[in-house]
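# give me a 3D structure for the following:
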Amino acid sequence: MEYEIKGGAFPIVVCKLQKGERMKDESGSMAFMSSGVKMDTNTGGGVLKGLGRAISGNSFFINTFVAEKDNQEIGFASNFPGKVIPIKLDGANSIIGQKR
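Numbering: from 1, shown residues only. Predicted structure coming up:
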């Protein structure tokens, strides 16, 4: 997957997906997607997991986007100003992100 961060105070992350690649997001952060991207919305692990997210201030639902063809684009944006900082993950380390 390739991605590009565009914009200033209201950035958008545009991801280019190849066939079979998938992305997950909270409800409401997807700004646009190509016609070759399929979207599925569910609780992401059952009602209790959805309730746990809802109680902590997040969305009850999780969206999963899957590219059905090569070179499909999907854009993610926030509804408030901020900055997008890319962080490389190698699979050996993990991070916890927090809104402020």
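
# so which residues of the protein form strands?
2-6, 12-17, 22-26, 30-33, 37-42, 62-67, 72-77 (DSSP state E).

# for Lys88, which of the ones you listed is the nearest?
Among the strands of the chain, the nearest to Lys88 by CB to CB is strand 2-6 (11.8 Å). Yep, even glycine has a C-beta here, placed from its N, CA and C like the rest.

# so where is this protein shaky, pLDDT-wise?
Applying pLDDT under 70 to the chain flags residues 50, 54, 57, 99-100.

# just to revisit the earlier point, nearest to Ser56, out of the strands of the chain?
strand 22-26 (11.6 Å).

# give me the residues contacting that closest one.
1, 15, 17, 44, 58-59, 62-67, 74, 76 (CB atoms under 8 Å, 6 or more residues apart in numbering).

# ok, the residue nearest the centre of the chain to Ala92 distance?
With distances taken as CA atoms, centre = their mean, the residue of the chain nearest its centroid is Asp25 (3.3 Å). Going from Asp25 to Ala92 by CB to CB, to the nearest Å gives 24 Å.

# can you check Leu17 too?
25 Å.

# counting neighbours, go ahead and name the busier of these two.
Neighbour totals were compared for Leu17 and Ala92, and Leu17 leads with 25 against 5 (other CB atoms under 10 Å).

# in space, what's closest to that one - neighbours in sequence excluded?
Ala67 (3.7 Å; CB to CB, 6 or more residues apart in numbering).

# wait, doesn't the one you found sit right on Val37?
Yes. Taking CB atoms under 8 Å as the definition, Ala67 is a contact partner of Val37 at 5.7 Å.
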